[in-house]
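> quick check, what structure comes out for this input:
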Amino acid sequence: MANSTYIPPKVWEWNQSSGGKFSNINRPVSGATHEKTLPIGKHPLQLYSLGTPNGQKVTILLEELLELGIKEAEYDAWLINIGDGDQFGSGFVDINPNSKIPALVDRSGSEPIRIFESGSILTYLAEKFSAFLPTSQPERAETFSWLFWQMGSAPFVGGGFGHFYAYAAEKYEYPINRYAMETKRQLDVLNQRLANNQYIAGEKYTIADIAIWPWYGGLVKGWQYGAAEFLSVHEYEHVIRWADEIYARPAVKRGRRVNRIQGDPAEQLRERHDESDFL
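So this is what the prediction gives:
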């Protein structure tokens with residue numbers, strides 16, 4: 001049962017004090033709050049991000065491309081601390097008007113190209129470097145279906161379950177139950193898929209795995225929200241097998257470290273500008 005009864009007013013009004021832990025950065029309008037020019041490093045690919053699951057998708061893919069020997073995938077990864085409101089700086093808003101990480105600028109051509117939304121960045125890089133995205137059907141369609149599944153499903157995990165279970169100022173039974181049920185349903189979708197497939201899109205490792213792993217692999221590995229026991233993640237044996245197999249990849253271990261500012265300090269690399277930064 002809810003702790004109290006809330007009756008919505010006829011017209012909603014913003015009350016910044018009601019935002020809880022994120023009240024200093026959440027607001028109902030878009031656009032820049034301050035002037036801040038983004039730094040530009042030495043590589044054509046400039047990433048502005050944070051080591052959240054959405055940020056990890058891109059750094060994992062970039063590290064996988066480098067692991068293949070694709071030197072053109074070298075990149076600078078600059079920290080955007082969303083807790084400090086860096087995403088509302090004018091330079092970042094110029095490359096992502098939605099003020100969400102990650103955002104990428106490709107300066108390899110005559111004109112800079114901005115790419116925002118993690119799924120869009122994964123697709124752009126996979127097509128640019130012809131890697132981790134099948135070119136033939138039905139594998140290509142399957143990869144995109146699961147990529148977009150992740151983009152549409154993960155907000156229920158992060159903004160839904162994660163928010164109400166771990167971050168909300170008060171605990172309410174109804175939203176926690178609602179989003180725990182949906183998170184477990186999604187884990188079951190993956191578990192059934194992975195029971196008969198090595199990877200998400202079939203027998204090849206693709207950007208679908210790279211997109212899904214930081215969210216759902218992180219859940220079953222016990223890295224997110226302190227919720228592994230609550231969600232009984234041990235039930236999803238095929239997801240666990242898949243998560244462990246992907247985590248064994250050196251590029252995944254490196255990519256997961258980039259732009260991280262929480263957790264084990266030994267696993268944090270606030271910025272990445274060269275492969276030697278991992279040493």
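
> make it CA atoms for all contacts and neighbour counts henceforth
Fine.

> in the top helix by length along the chain, what's buried?
The residue-count maximum for a helix in the chain (DSSP state H) belongs to helix 173-194. For helix 173-194, a neighbour-count test (16 or more other CA atoms under 10 Å) marks 175-176, 179-180, 182-184, 186-188, 190-191, 193-194 as buried.

> helices or strands next to that helix in the packing?
helix 237-247 (3 or more CA pairs under 8 Å, 6 or more residues apart in numbering; DSSP states H and E).

> which residues sit against the helix it packs on?
The contact list for helix 237-247 (CA atoms under 8 Å, 6 or more residues apart in numbering) reads 187, 190-192, 194-195, 198-199, 213, 217-218, 220-221, 234, 252-253.

> just the CA trace of the longest helix of the chain, in CSV.
Below are the C-alpha coordinates for helix 173-194, written out as CSV (Å, rounded to 0.1, in the frame of the first residue of the first chain):
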residue,chain,number,x,y,z
GLU,A,173,5.1,-0.5,-2.6
TYR,A,174,3.1,0.0,-5.8
PRO,A,175,5.8,1.5,-8.1
ILE,A,176,8.5,-0.9,-6.8
ASN,A,177,6.2,-3.9,-7.4
ARG,A,178,5.2,-2.6,-10.8
TYR,A,179,8.7,-2.1,-12.1
ALA,A,180,10.2,-5.1,-10.4
MET,A,181,7.6,-7.2,-12.2
GLU,A,182,8.5,-5.6,-15.5
THR,A,183,12.3,-5.9,-14.9
LYS,A,184,11.9,-9.6,-14.1
ARG,A,185,9.7,-10.1,-17.2
GLN,A,186,12.5,-8.5,-19.4
LEU,A,187,15.1,-10.7,-17.8
ASP,A,188,12.9,-13.7,-18.6
VAL,A,189,12.7,-12.5,-22.2
LEU,A,190,16.4,-12.5,-22.4
ASN,A,191,16.8,-15.8,-20.6
GLN,A,192,14.5,-17.6,-23.0
ARG,A,193,16.3,-16.1,-26.0
LEU,A,194,19.7,-17.0,-24.7
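
> and the angle from that helix to helix 237-247?
Orientation check (axes from the mean of the first three to the mean of the last three CA atoms, to 10 degrees): helix 173-194 against helix 237-247 gives 70 degrees.

> what are the contacting residues of helix 173-194?
Counting contacts by CA under 8 Å, 6+ apart, the residues outside helix 173-194 that touch it are 1-2, 153, 156-157, 160-161, 164-165, 200, 216, 231, 236-239, 242.

> 7 Å instead, please
1-2, 156-157, 160-161, 164-165, 200, 231, 236, 238-239 (CA atoms under 7 Å, 6 or more residues apart in numbering).

> what about the residues you listed, which are in helices?
Using DSSP H to define helices, the subset of the contacts of helix 173-194 located there is H238, V239.

> please indicate which of the contacts of helix 173-194 has the highest neighbour count?
Each of the contacts of helix 173-194 was scored by neighbours using other CA atoms under 10 Å; the highest score is V239's, at 29 neighbours.

> okay, that residue and T183: tell me how far apart.
The gap separating V239 from T183 is 13 Å, by CA to CA, to the nearest Å.

> with N26 instead?
If you measure N26 against T183 using CA to CA, the figure is 24 Å.

> what about I212, neighbour count?
By the criterion of other CA under 10 Å, I212 has 25 neighbours.

> likewise the one 5 residues further on?
Other residues within reach of G217, judged by other CA under 10 Å, total 24.

> A strand includes it, no?
No: going by DSSP: H, G, I helix; E, B strand; the rest coil, the assignment for G217 is helix, not a strand.

> leaving out chain neighbours, which residue sits closest to it?
Beyond its immediate neighbours in the sequence, the residue positioned closest to G217 (CA to CA, 6 or more residues apart in numbering) is A243, lying 4.8 Å away.

> center of this structure, which residue is that?
In the chain, the C-alpha nearest the mean C-alpha coordinate belongs to N54, at 1.0 Å (CA atoms, centre = their mean).
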